[in-house]
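Asker: Coordinates for the following, if possible.
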Amino acid sequence: MNHSASNSLGQQRGAVLMVSLIVLLVITLMGVSAARTVLLEEKMTFASRDAKLALEVAESAVKVAVMEIYDMEDTSGFGTQAYGHLHNPGEGPADLQDPEIWGVDATTTQTKSASFTMAGHTLQGRYYIELGDTVDDATLFRIVAQGRGLSDTTARTLIVHYKKKF
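Answerer: This next block holds a predicted model:
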């Protein structure tokens, strides 16, 4: 009886070990695949959140510009160097992607900087206002605002038209 038990063990030659190693390899590959999927989903979630924050900053910059127009008594400041972000018709910055105008470190006076605290972070937005035509005794304004998210590469630009009677 002892002889037959050792004989059957000797004939297996590690089959259980090989099956166990293959099962372990499959489980490891499934775990690595799941981890990669989670990392990709995390990156997508951050990008989506960053884009939403950038849009909120741009919307807030538009609100600041609207309040500036609301407080104006006339349009005499447009086109003057004292108010570099107030442009005459067609004289606003042409390139909405130029980092010299819109970048985080922009020092231009063609746009005005506005800072906002959102989600525990201070985020930067910039805007300019361009004078438009007069329609029905009201002056039209074109507001162009850009907001940046948590990463410097995420930006959202809004163009809004606003009308005010003086």
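Asker: When you work out contacts or count neighbours from here on, use the C-alpha atoms and nothing else.
Answerer: OK.
Asker: Need the pLDDT of G92.
Answerer: pLDDT for G92: 88.
Asker: In contact with it, which residues?
Answerer: Residues near G92 by Cα atoms under 8 Å, 6 or more residues apart in numbering: 110, 128-130.
Asker: Ranking by neighbours, what's the top pick from the residues you listed?
Answerer: Among the contacts of G92, I129 has the most neighbours (other Cα atoms under 10 Å), with 30 neighbours.
Asker: Which strands and helices lie in contact with the longest strand along the chain?
Answerer: Scanning the chain for the strand with the most residues, using DSSP state E, yields strand 121-135. If contacts are counted by 3 or more Cα pairs under 8 Å, 6 or more residues apart in numbering; DSSP states H and E, strand 121-135 sits against helix 15-71, strand 86-87, strand 112-118, strand 138-148.
Asker: Quickly compare these and say which is most buried.
Answerer: strand 86-87 (a mean of 26; mean count of other Cα atoms under 10 Å).
Asker: Can you list the strands that that strand pairs with?
Answerer: strand 121-135 (parallel) (DSSP bridges).
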